[in-house]
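Engineer: Give the three-dimensional model of this entry:
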Amino acid sequence: MGTIWIIVQQISLMFVLCGIGYLLTKAGKITQANSKVLGNILVYVVLPCVIAKSFLIPQSKSATEGLVLSGCISALLLCLAIVVGRVLYPKDGIAAFAAAFSNAGFFGIPLITAVLGAETVFYSAPFIALLNLLQWTYGTGLLTGEKAKWQPRRIFTAPYMIAIMVGTLFYITGLQLPSLPMQVLNALCSLNTPLAMFTLGVYLAVVDWRKMLTSYGLVKLSVVRLLIVPLLSLAVLTLIPTAWNTMKYSVLLAAACPVGANVAIYAQLYDKDYSYAVQTVVISTIASIITVPTVVWAAQMIWH
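Structural biologist: So this is what the prediction gives:
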């Protein structure tokens, strides 16, 4: 029950921060333009720092095997989520995107850190990398209706990929940062949760609440993203021996997160239904305070 309580506390904290972002937006202190600046800081600075820092652990055979296993299982789970989204929403690109891709970076990392410790973000790094890769390729194709384009330069110069490559270099060589750079890195990592939640608070302030809460389609989509996909992920992860439970929980938490904010960002970028995309993010995030602890509780019942 301790783990469940930690999750509830962490999500509650995140909602309080969302509330601050909401109030600041309503007061005119944060605007849509401001939120884009916050988003850029998160994408280009904070999240890469969080990912890179997770690799600053002593190299061991167990950790390396866990990272490789995490990469393989993450690829399988994301492909499974894509299939679910495509089958259930063959003509709705936004819904298919939302069903497949969770908010593993900005929502998942704070949860994983609170429940399992900062060092276990290491195991979720492959999931986050593959998630972003698929969003930039397959996901944009869903929204535009065009065939996904493979752009190696764009992929390998993406902030999260650079962070993983730098982190891997540090992990393999065993290099450690001096005191001052490490303090800077820690300070930047500490911005992840508040900045991400302030940005989500902007979404809360602009959404049509009555329309959102009375939409059967949005409720159904939330069930798919928050229960069907995570429970399928749980079933697959159950096949892995309990010796890897830390890795399994890290990946499960990443897979169980609400709809990723990128669906709204990309919808706006490609002139799609931005309001609808924002609603998928908001309603699933609200519901996640119940579903994420439920999924983890189910995992505890099965894995222990």
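Engineer: what's the spacing between the lowest-mean-pLDDT helix or strand in the chain and its chain's center?
Structural biologist: Lowest on mean pLDDT, DSSP states H and E among the helices and strands of the chain sits helix 152-156, with a mean of 75. Centroid separation for helix 152-156 versus its chain: 21 Å, with C-alpha atoms, centre = their mean, to the nearest Å.
Engineer: helix or strand right after that helix?
Structural biologist: Sequence-wise, the next helix or strand downstream of helix 152-156 (DSSP states H and E) is helix 159-173.
Engineer: gap between residue 280 and residue 90?
Structural biologist: With distances taken as C-beta to C-beta, to the nearest Å, residue 280 is found 17 Å from residue 90. C-beta here means a position set from N, CA and C on the backbone, and glycine is covered the same way.
Engineer: Compare these two (neighbour count), which wins?
Structural biologist: Using other C-beta atoms under 10 Å, the more surrounded residue of residue 280 and residue 90 is residue 280, with 28 against 10.
Engineer: Now the more buried one, what are its backbone angles?
Structural biologist: Main-chain torsions, residue 280, degrees, to the nearest 10: phi -60, psi -40.
Engineer: what helix or strand is the closest residue to it other than its chain neighbours on?
Structural biologist: Excluding its sequence neighbours, the residue lying closest to residue 280 (C-beta to C-beta, 6 or more residues apart in numbering) is residue 98, at 4.2 Å. Per DSSP H and E, residue 98 falls inside helix 93-100.
Engineer: who touches that helix?
Structural biologist: Helix 93-100 is contacted by residues 78, 81-82, 84-86, 88-90, 134-135, 139, 142-145, 217, 221, 224-225, 229, 259-260, 263, 266-267, 272-273, 276-277, 280-281, 284 when judged by C-beta atoms under 8 Å, 6 or more residues apart in numbering.
Engineer: The same query, at a cut-off of 7 Å, please.
Structural biologist: 81-82, 84-86, 88-89, 139, 142-143, 145, 221, 224-225, 229, 259, 263, 267, 272-273, 276-277, 280 (C-beta atoms under 7 Å, 6 or more residues apart in numbering).
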